[in-house]
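Trainee: this one's sequence-less:
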């Protein structure tokens, strides 16, 4: 597994763990909203790393990379919409169903880890990968 793939796999693991922890908390628990906000904050930082640091290095002339990028950006849009709906449900005193979000996050992660990031790990120069990894390390999750 290449360095970009590995770094982003670690970020996904953190975001997934926070979501799974959130799902276990009863809605009347004092940490319920706090845990949701922690999840959202870390997810937003992860999306920021992808959209501002990794996605821009996509080879615009490579149809495979561009198609994958379009799909990943669509996932991000869908994920943000689900998060907004969850916020509305929480504001209404309801516990949102996270199943669809979890499934989307896991399938999104699979596409990135199995295909998109490995393409970048193969194509990018060692210097470019170091630069990306340094920027990833500056955005701490948790």
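Mentor: That came through fine. Here the structure is a predicted model, which means the values were calculated and not measured. Numbers count the residues shown, from 1 in each chain.

Trainee: isn't residue 22 right next to residue 40, touching?
Mentor: No. Assessed by Cβ atoms under 8 Å, residue 22 is found out of contact with residue 40, at 9.5 Å. (Each C-beta comes from the backbone N, C-alpha and C, glycine too.)

Trainee: which one of the two is surrounded by more residues?
Mentor: For residue 22 versus residue 40, neighbours defined as other Cβ atoms under 10 Å are more numerous around residue 22 (22 against 18).

Trainee: tell me the pLDDT at the more buried one?
Mentor: Per-residue confidence at residue 22 stands at 93 (pLDDT).

Trainee: gap between it and residue 4?
Mentor: To residue 4, residue 22 is 27 Å away according to Cβ to Cβ, to the nearest Å.

Trainee: mind checking which helix or strand the residue nearest to residue 118 when sequence neighbours are not counted is in?
Mentor: In space, and not counting its chain neighbours, residue 118 is closest to residue 5: 5.6 Å by Cβ to Cβ, 6 or more residues apart in numbering. Here residue 5 sits within helix 3-24, counting by DSSP states H and E.
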